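Visitor: Just need the structure, nothing else, for what follows:
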Amino acid sequence: MIDKDERIRRFINLQYVKMKRMASVGSLILLAVNLAVTLYPYIEFRLPRFVFGFIPRVYLGIFVLFVFITFLIWVGAHVYIRKFGMNRTEHMADVSYNPYAVYQIGPFEEMLYRTVTIPTLEASYSTMKDGVDKDRIKVSLDKAKKWVDLGFIPKDDFPVHLRKYISQNKERRL
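Guide: The predicted structure is shown next:
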């Protein structure tokens, strides 16, 4: 059961995420409008006083500049993603600073451990003959049960080459 404070925090955080996602789109639109209005005086003399005899050149000039600047931003984003591949490094940074993505066990992962991994390891352990492989299965089974009970994978259980992705100083379930 979620307590009242957690419900309020979740509601506030959801509103914040909605605003943050919309703010990026809004800031791009404001950037394009600002640049169009700023650059218009430099091209104003190239346009006739009225376009089609009744549309003032200000309206058409600012609109054309807005579309052109938006197109340039789109081309820049395309080059940024397709040619430079920067989205991969951004995603890696998001993952490395998100403790749920690094070592916290999420609900779906926990259910996978509880319903598939642990029963499979137990079945394998019970059918194997004594030996090195059975001992290895027992160690893996104990680790999986510990991780599910804790709700995270402790730093000591991480391979050395993956420890750089752990960003939390305190090990606990968030």
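Visitor: SS state for the residue nearest the centre of the chain?
Guide: Taking CA atoms, centre = their mean, the centroid of the chain lies closest to residue 94, which sits 5.5 Å from it. Using DSSP: H, G, I helix; E, B strand; the rest coil as the criterion, the local structure at residue 94 reads helix.
Visitor: per-residue confidence at it?
Guide: Residue 94 is assigned 74 on the pLDDT scale.
Visitor: For residue 11, see how far away it is.
Guide: Distance from residue 94 to residue 11, counting by CB to CB, to the nearest Å: 23 Å. Backbone N, C-alpha and C define where each C-beta goes, glycine included.
Visitor: Buried residues, the stretch of helix or strand residue 22 belongs to. List them.
Guide: Using DSSP states H and E, the element containing residue 22 is helix 4-43. Using 16 or more other CB atoms under 10 Å as the test for burial, helix 4-43 gives 32, 35, 36, 39, 40.
Visitor: in this structure, what secondary structure element scores lowest on mean pLDDT?
Guide: The weakest-scoring helix or strand in the chain, judged by mean pLDDT, DSSP states H and E, is helix 99-102 (a mean of 65).
Visitor: what's the spacing between the helix or strand following it and its chain's center?
Guide: For helix 99-102, the following helix or strand on the C-terminal side (DSSP H and E) is helix 107-112. Offset of helix 107-112 from its chain centre (CA atoms, centre = their mean, to the nearest Å): 20 Å.
Visitor: does the residue of the chain positioned farthest from its centre sit in a helix, a strand or a coil?
Guide: Distance from the C-alpha centroid of the chain, by CA atoms, centre = their mean, peaks at residue 53 (50.2 Å). Under three-state DSSP, residue 53 falls in the coil class.
Visitor: Could you chop this protein up by domain?
Guide: Domains of the chain are assigned by automatic domain parsing as 4-84, 105-151.
Visitor: Going by mean pLDDT, which of those domains comes out lowest?
Guide: Mean pLDDT values for those show the minimum at domain 4-84, a mean of 85.
Visitor: buried sites along the strand or helix carrying residue 142?
Guide: Under the criterion of DSSP H and E, residue 142 resides in helix 132-150. Of the residues in helix 132-150, 137, 141, 144, 145, 147, 148 count as buried by neighbour count, 16+ other CB under 10 Å.
Visitor: what's the closest of these to residue 74?
Guide: Taking CB to CB as the measure, residue 74 sits nearest to residue 147 out of those, at 44.2 Å.
Visitor: show me what contacts the nearest residue to the closest one once chain neighbours are set aside?
Guide: Nearest residue to residue 147, sequence neighbours excluded (CB to CB, 6 or more residues apart in numbering): residue 153, at 5.2 Å. Neighbour list for residue 153: 103, 105, 147 [criterion: CB atoms under 8 Å, 6 or more residues apart in numbering].
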